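Visitor: sequence below, structure please.
(chains A and B)
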Amino acid sequence: DGGITQSPKYLFRKEGQNVTLSCEQNLNHDAMYWYRQDPGQGLRLIYYSQIVNDFQKGDIAEGYSVSREKKESFPLTVTSAQKNPTAFYLCASSIGQGSTDTQYFGPGTRLTVL
Amino acid sequence: AQSVAQPEDQVNVAEGNPLTVKCTYSVSGNPYLFWYVQYPNRGLQFLLKYITGDNLVKGSYGFEAEFNKSQTSFHLKKPSALVSDSALYFCAVRDMSNQGGKLIFGQGTELSVKP
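Guide: Take a look at the predicted model:
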């Protein structure tokens, strides 16, 4: 997990609330990603960012939003429009988006909707 | 479309025995393949990757993977399993066709090593 921090580790949300998950990296990586993990499934891409002030939707972006104002930071907001937000959220980064670039993952945030 | 399959939800191995976790892939173009391990309530840890060259790739913690182009497989192996290897293992392929080279993951294989 080294170099990528996510907070909080556990997060509880009431229905109708927006919540923001933090992701910070000190690896000087350009590219950052958000994935969602559900039991028995692989990870699915929510959003990604290739560079500061730019980000793109992934496969399951509906109900989520992101920003990339600083190279080190890529926060994810889970909005009330996300119908089933209970999941484990993983942030990743890589030096670039080349084919050989390895993505490194943070420790994750477990979000539960009450 | 690019895809990855891990045909076994769970693999059980006795400590000291060799282990294999299977992965098959489907890609157009050159395959860029990765293995990650996840311990409970933790993020994914990178184990190894295949880009090109030698079909046997060595990685962290004594793991290795064999790339087989004709069988479109990239199985993860270890000669002698440890109880501490028990975890969830993910195979992934890099999709260079769109979405910033995202990783496409298999559904994961739960490895259980018994003493």
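
Visitor: contacts only, for the residue of chain A found nearest chain B.
Guide: Checking chain A residue by residue against chain B with Cβ to the nearest Cβ singles out residue A:42 as nearest, at 3.2 Å. For the C-beta atoms, the positions are set from N, CA and C on the backbone; glycine is no exception. Residues in contact with residue A:42, defined by Cβ atoms under 8 Å, 6 or more residues apart in numbering or on different chains, are B:4, B:90, B:92, B:104, B:105, B:106, B:107, B:108.

Visitor: which strand or helix spans the spatially most central residue of chain A?
Guide: Computing the C-alpha centroid of chain A and ranking residues by Cα atoms, centre = their mean puts residue A:34 first, at 2.8 Å. Residue A:34 belongs to strand A:31-37 when elements are defined using DSSP states H and E.

Visitor: CA-only coordinates of that strand in PDB, if you can.
Guide: Listed in PDB are the C-alpha atoms of strand A:31-37, where the atom choice follows Å, rounded to 0.1, in the frame of the first residue of the first chain:
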ATOM      1  CA  ALA A  31      -2.300   8.900 -13.400                       C
ATOM      2  CA  MET A  32      -4.900   8.100 -10.700                       C
ATOM      3  CA  TYR A  33      -7.900   5.800 -10.600                       C
ATOM      4  CA  TRP A  34     -10.900   4.900  -8.500                       C
ATOM      5  CA  TYR A  35     -12.300   1.300  -8.500                       C
ATOM      6  CA  ARG A  36     -15.200  -0.200  -6.700                       C
ATOM      7  CA  GLN A  37     -15.100  -3.800  -5.400                       C
END
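
Visitor: I'd like the mean pLDDT over that strand, please.
Guide: Computed over strand A:31-37, the mean pLDDT rounds to 95.

Visitor: so who does the residue of chain B found nearest chain A touch?
Guide: Shortest chain B-to-chain A distance, computed as Cβ to the nearest Cβ: residue-wise this is residue B:105, at 3.2 Å. Listed by Cβ under 8 Å, 6+ apart, the contact set of residue B:105 reads A:42, A:43, A:44, B:4, B:90, B:91, B:92.

Visitor: how many neighbours does residue A:28 have?
Guide: Using other Cβ atoms under 10 Å in any protein chain shown, residue A:28 is surrounded by 10 other residues.

Visitor: off-centre distance for the worst-scoring helix or strand of chain B on mean pLDDT?
Guide: Least confident helix or strand of chain B, by mean pLDDT, DSSP states H and E, is strand B:103-105 with a mean of 91. Mean C-alpha position of strand B:103-105 versus that of the full chain (Cα atoms, centre = their mean, to the nearest Å) differs by 11 Å.

Visitor: C-terminal to it, what's the next element?
Guide: Downstream of strand B:103-105, the first helix or strand assigned by DSSP H and E is strand B:109-114.

Visitor: so of the contacts of residue B:105, which two are at opposite extremes in space?
Guide: Across the contacts of residue B:105, no pair lies farther apart than A:44 and B:91, at 15.2 Å, counting by Cβ to Cβ.
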